[in-house]
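Visitor: Here is the input, now give the coordinates:
(2 chains)
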Amino acid sequence: MSAIGAPLSRVDGPDKVTGRARYAAEFHPDGLVYAATADSTIPAGEITAIDTRRAERAPGVLLVLTHLNADRLPYEAPEERPAVDPVAGDQLRVLNGPQVKFSGQPIAVVVAGTQAQAEYGASLIRVTYAPDPAPRTRFDPALAEPASEAAAKKNRGPETRKGDAEAALARAPVQIDAIYRNGREQHHPMELNATVAQWRGDRLTLWSKSQWVQNERDEIARRFGIPPDRVHVINPYVGGAFGSVLRTWPHVTLAAMAARRLDRPVCLELTRRQMATYVGARGMAEQHVQLGAERDGRLTAMVHEVVGQTSTYEEFAEPALGPAGATYTCPDRLTRYKLVHMNVNTPCPMRGPGWATGLIAQEIAMDELATRIGLDPIELRLRNYAERDPMKDLPWTSKHLRECYAQGAERFGWGRREPKPRTMRDGRDLVGYGMATAIYPAERYPTSASATLFADDHAEVRCATTDMGPGTYTSITQVAADALGLPMTRVRFELGDSSFPKAKEHGGSTTISSVGPAVQAACAALKAKLAVLAAAHGMEAGDGVPLLRLAGLDSLSADGTAEPDETNRKKYAMNGFGAVFAEVRVDPDLCTVRVRRLIGAYDIGRVVNPKLAHSQAIGGMVGGIGMALFEEVEWDDSLGRVTNGTIAEYLVPVNADVHELDAVFVEARDDILNPLGTKGGAELGLCGVAPAIANAVWHASGKRVRDLPITPDRLLMA
Amino acid sequence: MTPFAYDRAPSLAAAVASRARHRSDGVWDAGADFFAGGTDLVQLMRESLRNPDRVVDITALPGLDQIEDRGSSVRLGALVRMSDAASHTLVRDHYPVVTEALLASASAQVRNLATLGGNLLQRTRCGYFRDPGSPCNKREPGSGCPAIQGQNRFHAIFGGSEHCIATYAGDLANALAALDATVTIAGPQGERAILVTELHRPPGATPAVETQLAPGELITAIDVPADRRGWRSHYLKIRDRASFEWSIASAAVALDLDGGVVRDVRIAVGGVATTPWRLPQVEAALRGRRLTPELARGATALAAEGAVPHGRNLYKVELIRRTVARALEEIGGLA
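Guide: Down below sits the predicted model:
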């Protein structure tokens, strides 16, 4: 029986729950010492003096690096900007000069015999600044600048037009015009970012939390001006990431720099508070949506303008307008994208990057339109159902969104919904039902893998991808077992090592669709080699092991590569889809919102492991509860500082906030996109959840809150 | 974290003689700090917000971890763990407001470690106070209070000053305030007892000074009057998420009902004030009258009298009225 499609538990589960799984900061080479950093407390300006004398004399301190004594690294330019980097600008060159670009910027690193000694040393550094008198610390959409040409090349440009949306809007008998805002969100995975760096001669090993170990290898090689084959990045386990370690952040440079200076291995692990400034975030956004429609709900005009947030040194443009161009059919369409350049650390992708943000505004606006014309929200979406990608005018490789609406509604009991708000109750509580569409691109990348059969009865498959939690270890073992015709227990999948066959970023819901086919190819190549060997020995290949023994071989290896058919891009649109349904209870007086149920129906193509896919979908729902109700980086406009930098104050859902969650996957297989038939589901799991909850809050309370998260104060004052 | 020495106090006299301080007397660097559950102090020390050169562990002090019926009061030792107090029959059966306030605090893990005395003295959760890179008059006197013009959704509408509007974060103290409980304090001058409502000081011009405890003084016990045993009591806590979070508004109500008429009542509120905060004007409006939903709503209209909002905490003016009204309805059987 094929392992593909089986709801298997994680193969790495026992290692994780027993503590055998080693995360970046848990690699302890001999002689390891520990680093802590000191960070800027002003948002913009220059360091005029930095007094490190007390730190240098503190117990156990071995090294203090500041911009005055740090290495000036070459930062060689890449041939091609890595896909995970912002579209334009120059990365922060840590300790490269006295300039301060945001509050919380690392300005010194202290290395000592213990972590406590390093932190104490760092606390003794005294800094004098010449602050910039006019720092850019306020998110003021009036100061926004259109996204650049570089952003336009990645379909994140300043403007896209189809037809004449302004004129169509003016003519439309029904018009919706509203502004939506969402707060800055921090990834806050359980595992703190950490790097252990060790030089042996001119070779550098990094045990470092990463979603893309080969990019980290190449990035660090360029920063230090050394050949990439002298850098080895190892990261077998990732304790959650959500996009926060796609890029190689400056602390990796600091660890390697300090280790080289001391000629000792150095561990640099961020504090929870530093997770709010050392790595990116989902930036705050203001979105203006105008919809024009006929009285029957057919859209005639869509105008969607997004103002996002980026730093002063890089342009982070994200596809927040992706949904506006791909979800509904509509003849006239206009999108605009602007960015406010602020003294902040550069934002970065966070689960459902761009699309989840754009869907907040779009899907609440669609709910407002349904309300205005008295139409069921699902029916409104069906009347605007896109049979072909509306901007590209191409068919999809596969699309089963209708089934998602139908099966989700059925499972949820959408038919019980009273259209009028504030009519459903449970005791004193107001009950609300809301829904939203989910959509996210289904991409895949060229990827390689190797497969090796050992005469001792097991097979090993390798690829330089990582597993931040979706279950890649397990699902790829299933693919390999299926391809080799071996039981799961005899197949081992290894990842998270830059010396393994080539893989791109573990992000964008691309892993199963990229690594899966590569592993299939490697296994097929191995089977072909076995067939040749079998023929030479005049026997059946069988599962290969007796053959290897007969041939006197310890092992036999083969490589395989799988690449997307790039001509498909011209022929098809590629997306995963879903419909998300939410039930909330709202206390009418105290304005607290509790999510009682979330049900999603998804079209993610073929499902390799239903248990993992379900887990991933409901995990996205928990993130969506946070996005809708709790998560917001509090930002002080004057100080330019985060004022809730720890998870005591930055709230994510706890168990008491999470009730019934369920996900169904409609019967689907995408045979065009890749040979495995998958579309990927990770990013999609967050998409649409927050607007479904916001729409349910409206249905319960009759109040339309357009600023997320919907905290009690916002609902009370609405 | 700043290096520190660790001492374990063998006796109450030795603890007092250490001249150690509770964490809220306005003295920030060096000196000795009392240490019990450590659930707040360790956070403060790890972020260099509090830098004692010595901690005096009082968890071995004999006799402070008991709950006993003393006739005129139920005495809760200062070292009783929050979880033990919440489930103790003398507390649960007679003072439900205390059990409810404790169970609404922190998480089960924190409650298993934290002590009652330490809980009364927990420091504010003001984001500026907790961020070592921000100015804060409570942490660095004279550096300013960015919260007044800044991120103050969680901040106080009662009891603030131009120097500080940080909210008192605890729950237990509010419940005890509604029961007219006292705390017993041991110190260099001997023992003294004060009302829980007298323990904390409003920020005024010296927000770093949060209590009236002098160096060497420590809380040894909490006494809850026995004559409140016949009263109904209740704690209602409103917060963003359903658990493991400080309040944005809370109400502790103790009510002596005589056939539906309010013979006497005490109301204390949390999440909205710089110290545990009684609402005497609401109590007066209820006293001697038949408790009805109309009375509850009418009386609680006075709840926000004297409130001074600062921007994002404006909602608390209305929310605290509704919170107290709901607590009264629930306890009065009107909900």
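
Visitor: quick one, strands of the stretch 501-650 of chain A?
Guide: Using DSSP state E, counting those that start in this stretch, the strands of the stretch 501-650 of chain A run over A:555-562, A:575-586, A:593-603, A:635-636, A:641-642.

Visitor: Please tabulate the ones you listed in JSON lines, including the columns mean neighbour count.
Guide: C-beta: built from backbone N, CA, C; applies to glycine. Shown next, in JSON lines, are the strands of the stretch 501-650 of chain A (neighbours: other Cβ atoms under 10 Å in any protein chain shown):
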{"stretch": "strand A:555-562", "mean neighbour count": "18"}
{"stretch": "strand A:575-586", "mean neighbour count": "29"}
{"stretch": "strand A:593-603", "mean neighbour count": "26"}
{"stretch": "strand A:635-636", "mean neighbour count": "22"}
{"stretch": "strand A:641-642", "mean neighbour count": "28"}
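
Visitor: what bridges to the nearest residue to residue A:165 once chain neighbours are set aside?
Guide: Excluding the flanking residues, the one nearest residue A:165 by Cβ to Cβ, 6 or more residues apart in numbering or on different chains is residue A:334, at 3.7 Å. Beta bridges link residue A:334 to residue A:161, residue A:303, judged by DSSP bridges.

Visitor: Provide a list of residues in contact with residue A:334.
Guide: A:159, A:160, A:161, A:162, A:165, A:166, A:301, A:302, A:303, A:304 (Cβ atoms under 8 Å, 6 or more residues apart in numbering or on different chains).

Visitor: Quick one, which of those residues are buried?
Guide: With burial judged by 16 or more other Cβ atoms under 10 Å in any protein chain shown, the buried subset of those is A:160, A:162, A:165, A:301, A:302, A:303, A:304.

Visitor: Relative to residue A:15, how far out is the third one?
Guide: Here the criterion is Cβ to Cβ, to the nearest Å. By it, residue A:165 lies 54 Å from residue A:15.

Visitor: Enumerate every residue touching residue A:490.
Guide: The neighbourhood of residue A:490, defined by Cβ under 8 Å, 6+ apart, consists of A:457, A:458, A:459, A:481.

Visitor: can you confirm the last one is in a strand?
Guide: Same thing as residue A:481. No: under DSSP: H, G, I helix; E, B strand; the rest coil, residue A:481 sits outside any strand and is assigned helix.

Visitor: What is the burial count for it?
Guide: 24 (other Cβ atoms under 10 Å in any protein chain shown).

Visitor: pLDDT value on it, please?
Guide: pLDDT recorded at residue A:481 is 97.

Visitor: Check the spacing between the residue nearest to residue A:165 and residue A:392 real quick.
Guide: From residue A:334 to residue A:392 the distance is 17 Å (Cβ to Cβ).

Visitor: Could you report the distance from the residue in the stretch 101-250 of chain A that chain B sits nearest to to residue A:110?
Guide: Going by Cβ to the nearest Cβ, chain B is nearest to residue A:123 of the stretch 101-250 of chain A, at 4.7 Å. For residue A:123, the distance to residue A:110 equals 9 Å [Cβ to Cβ].

Visitor: interface residues of the stretch 151-300 of chain B facing chain A?
Guide: B:151, B:153, B:238, B:239, B:240, B:241, B:242, B:243, B:244, B:245, B:248 (Cβ under 8 Å from any Cβ of the partner chain).

Visitor: Am I right that the fourth one is in contact with residue B:247?
Guide: Yes: Residue B:239 is within contact range of residue B:247, at 5.3 Å (criterion: Cβ atoms under 8 Å).

Visitor: Please convert the buried members of the residues of the stretch 151-300 of chain B next to chain A into PyMOL selection syntax.
Guide: The following PyMOL line selects those of those that are buried, judged by 16+ other Cβ under 10 Å:
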select buried, chain B and resi 151+153+238+239+240+241+242+244+245+248
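
Visitor: Count the residues that sit near residue 289.
Guide: Just so you know, I chose chain A. Using other Cβ under 10 Å, residue A:289 is surrounded by 26 other residues.

Visitor: that answer is for a different chain, and I need it for chain B
Guide: Residues near residue B:289, counting by other Cβ under 10 Å: 13.

Visitor: Next, the contact list for it, please.
Guide: Counting by Cβ under 8 Å, 6+ apart, residue B:289 touches B:261, B:262, B:295.

Visitor: returning to that earlier point: let's have the buried ones among the contacts of residue A:334 in TSV, adding distance to residue A:442 and pLDDT.
Guide: Below are the buried ones among the contacts of residue A:334 laid out as TSV (distance: Cβ to Cβ, whole Å; pLDDT from 0 to 100):
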residue	distance to residue A:442	pLDDT
A:160	21	96
A:162	23	96
A:165	27	98
A:301	28	98
A:302	23	98
A:303	27	98
A:304	22	98
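
Visitor: For residue A:118, state which of these is nearest.
Guide: residue A:304 (47.8 Å; Cβ to Cβ).

Visitor: contacting residues for that closest one?
Guide: Contacts of residue A:304 by Cβ under 8 Å, 6+ apart are A:287, A:288, A:289, A:290, A:321, A:324, A:334, A:335, A:336, A:358, A:361, A:362.

Visitor: One more: residue B:269?
Guide: So residue B:269 contacts B:158, B:174, B:249-252, B:277-279, B:303, B:320, B:323-324 (Cβ under 8 Å, 6+ apart).

Visitor: What distance do you get for residue B:225 to residue A:403?
Guide: 66 Å.

Visitor: okay, the two: which has more neighbours?
Guide: residue A:403 (18 against 15).

Visitor: The more buried one against residue A:666, yeah?
Guide: Yes: contact criterion Cβ under 8 Å: residue A:403 and residue A:666 qualify, at 4.2 Å.
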